[in-house]
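>>> 3D model of this:
(one chain, ligands or ions: 2)
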Amino acid sequence: MRVIEFKCPNCGSGMIFDSKSGTLACPGCGRTDQIETLPEPLEERAAAATERESDYHCTSCGGVIEADEVTTATVCSFCGAAVVLGDRLRGSLKPALVIPFRIGKEEAVAAFKKWCRNGRLTPAGFMTADRIKSISGVYVPFWLYDLDNRIEVQAHATKVRTYTRGDYQITETEHYEVYRKIRLDYERVPIDAAEKMSDKLMDRLEPYPYEQLKDFRSPYLAGFHADKYSYTDEELVPRVKEKIEPYIDSYIQSTVGGYTSVQFTSKQVNTAVQHAHYALLPVWVVQYDYDKLEHTFAMNGQTGKVVGKPPISAMKVAAWFGSIAGVSFLLLKTVSWMMGGGFW
Ligand SMILES: [Zn+2]
Ligand SMILES: [Zn+2]
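Numbering: from 1, shown residues only. Ligands and ions are numbered 1, 2, ... in the order given. I've put the predicted structure just below:
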C-alpha cells in the first residue's frame, strides 16, 4: 500500500498541482516545479511486497485515507494532504496520457453558482455551502481508441433528368450500381471508463483539445481526485463502435453525392482497434457520488464547458407562472392608466 505525497524540498509543506501555471506548487513557500523535469515517484523501487495492509494511511497524519476501490488520488479528510495511491497506478493501471486541469477551483465554484442562478427554478437551498464545498476536481479514466475501419458498401442509385421536347415532357432515368471501398482511420476516440460517471454526461463534455495531452506523470494528480478505470479497453469496444457509427455513415453519404436517389443494398464495416491509450481527463463535478442522478453539475476541467441541468422545484414553477400572469396584468393596467391619463 503505497501512498505518495509531494513534500516541498524547501519547507516540507505538501505541494499540489496548480492549474494556472501548470506546475507543482508549494502553498507554504511559493516554490514551483516543472512537472516534466521532476523524478517520477512511481518509477522508484516498489515498497516491499510483504506489506499486507488493507487501508491506505496518510503519510502526513497517519489517518486512514477515504478511498473506494477505484480511487487513485484524493485528499486526506483529516489533514487535507494531497495523496496519490501509487500501487493503483502501476503496470497495466498506469495511465499513458493526461490532460492536466486548466480550470481552478474558484473558477469552477463561480461557474456552479452561475449555473444555479440560471436555473431560476432550482429548489431553494440547492446551492448550499456544503454543496459548493463538495465541488471536486476529478481525473476521469478514459480509453482513447485508434481505430482502423474497412468499409464496403453497395447501393443502387439513379439520376433523373426531365426536359421538354415539342409537346412531350420526357423523363430520363439512369440507373447505377454503386460500389465504395473505404478505409477510414480515427485517432483517439474518447470513451469514459468510469462506472460512476454517466456516459451521456461525459460525452457532452467533449471536446477535449488534444494539444494539451501530456505523457502521464503522477504530480498532475496532486490535490485532485483520480480514479482508475472500471472497464477494460476490450469491454468498451462496443461503445466506441456505436459512437463512430454516425460519423462513418455520414462519410459514406458524402461519397455518393450527385445522384437523384441512393438506396444502399449492403454495408460492411470492419473495425479494428489499433491501440487504446489509457488517459485521465479533467472534470469538475458536484455530487460525484450521486452522479446517477440526472442533475449533476459537470464542467470540462480543460475548456470550462458546463453540462447538466439544474433540478427544478415544482413550487417555484407555480410561483413562476404566478409571477408571469402578475406581470402581464400589471402591464395592461399601466397601459390603460396611461391612456386614461392622456384623455384627461
Ligand atoms: Zn515550500
Ligand atoms: Zn492526513
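>>> alpha carbons only for contacts and neighbour counts from here, please
OK.
>>> Ligand 2 contacts on the stretch 51-200 of the chain?
Contact residues, the stretch 51-200 of the chain versus ligand 2 (Cα under 5 Å from the ion): 58, 60-61, 76, 79.
>>> Which residue is the nearest non-sequential neighbour of the one residue in the stretch 151-300 of the chain that gets nearest to ligand 2?
Scanning the stretch 151-300 of the chain for proximity to ligand 2 using Cα to the ion identifies residue 223 as nearest, at 12.5 Å. In space, and not counting its chain neighbours, residue 223 is closest to residue 82: 4.6 Å by Cα to Cα, 6 or more residues apart in numbering.
>>> so who does that neighbour touch?
5-6, 14-16, 73-76, 222-224 (Cα atoms under 8 Å, 6 or more residues apart in numbering).
>>> Now, these that are in strands?
Among those, the ones falling in strands (DSSP state E) are 16, 73-75.
>>> In TSV: these, plus neighbour count.
As requested, the ones in strands among the contacts of residue 82 are exported to TSV (neighbours: other Cα atoms under 10 Å):
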residue	neighbour count
16	25
73	27
74	25
75	19
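>>> Would you convert these into TSV that also reports distance to residue 237 and pLDDT?
Below are the ones in strands among the contacts of residue 82 laid out as TSV (distance: Cα to Cα, whole Å; pLDDT from 0 to 100):
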residue	distance to residue 237	pLDDT
16	35	96
73	27	96
74	29	95
75	33	93
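>>> Ligand 2: which of those residues is nearest?
For those, the nearest to ligand 2 is residue 75 (8.0 Å; Cα to the ion).
>>> surely the closest one meets residue 138?
No: in this structure, residue 75 is not within contact of residue 138 by Cα atoms under 8 Å, at 11.4 Å.
>>> all strands for the stretch 51-200 of the chain, in order.
Shown for the stretch 51-200 of the chain, the strands assigned by DSSP state E, counting those that start in this stretch span residues 71-75, 82-85, 97-98, 136-165, 168-192.
>>> nearest to residue 271, of those strands?
Closest approach to residue 271 among those is made by strand 136-165 (4.4 Å; Cα to Cα).
>>> who does the closest one touch, helix- and strand-wise?
For strand 136-165, the elements it packs on are strand 168-192, strand 225-227, strand 261-286, judged by 3 or more Cα pairs under 8 Å, 6 or more residues apart in numbering; DSSP states H and E.
>>> Direction included, what does the second one pair against?
In its sheet, strand 225-227 lies beside strand 71-75 (antiparallel), strand 136-165 (parallel), with partners assigned from DSSP bridges.
>>> And the last one, by the same measure?
Based on DSSP bridges, the pairing partners of strand 261-286 within the sheet are strand 97-98 (parallel), strand 136-165 (antiparallel), strand 297-300 (antiparallel).
>>> Highest mean neighbour count out of those?
strand 297-300 (a mean of 26; mean count of other Cα atoms under 10 Å).
>>> Residues touching the next helix or strand after that one, excluding its own?
Counting by DSSP states H and E, the element after strand 297-300 in chain order, helix or strand, is strand 306-307. With contacts defined as Cα under 8 Å, 6+ apart, strand 306-307 is touched by 111, 201, 204-205, 297-300.
>>> and with 6 Å instead?
298-299 (Cα atoms under 6 Å, 6 or more residues apart in numbering).
>>> next one: stretch 134-150
Contacts for stretch 134-150 (Cα under 6 Å, 6+ apart): 183-194, 224-226, 228-229, 269-286.
>>> Check these for burial and list the buried ones.
189-194, 224-226, 228-229, 271, 273, 276-286 (16 or more other Cα atoms under 10 Å).
>>> thinking again about what came up before, want to try CSV for the helices and strands packed on strand 136-165, with mean pLDDT and distance to ligand 1 as columns?
Below are the helices and strands packed on strand 136-165 laid out as CSV (pLDDT from 0 to 100; distance: least, Cα to the ion, whole Å):
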stretch, mean pLDDT, distance to ligand 1
strand 168-192, 93, 36
strand 225-227, 95, 22
strand 261-286, 95, 26
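>>> closest one to residue 36 among these?
Judging the helices and strands packed on strand 136-165 by Cα to Cα, what sits closest to residue 36 is strand 261-286, at 16.6 Å.
>>> Residue 203: which element?
Residue-wise, residue 203 maps onto helix 199-204 under DSSP H and E.
>>> which ones are touching the closest residue to ligand 1 within the stretch 51-200 of the chain?
Residue nearest to ligand 1 within the stretch 51-200 of the chain: residue 81 (13.7 Å; Cα to the ion). Counting by Cα under 6 Å, 6+ apart, residue 81 makes contact with residue 75.
>>> roughly how far apart are it and residue 43?
22 Å (Cα to Cα, to the nearest Å).
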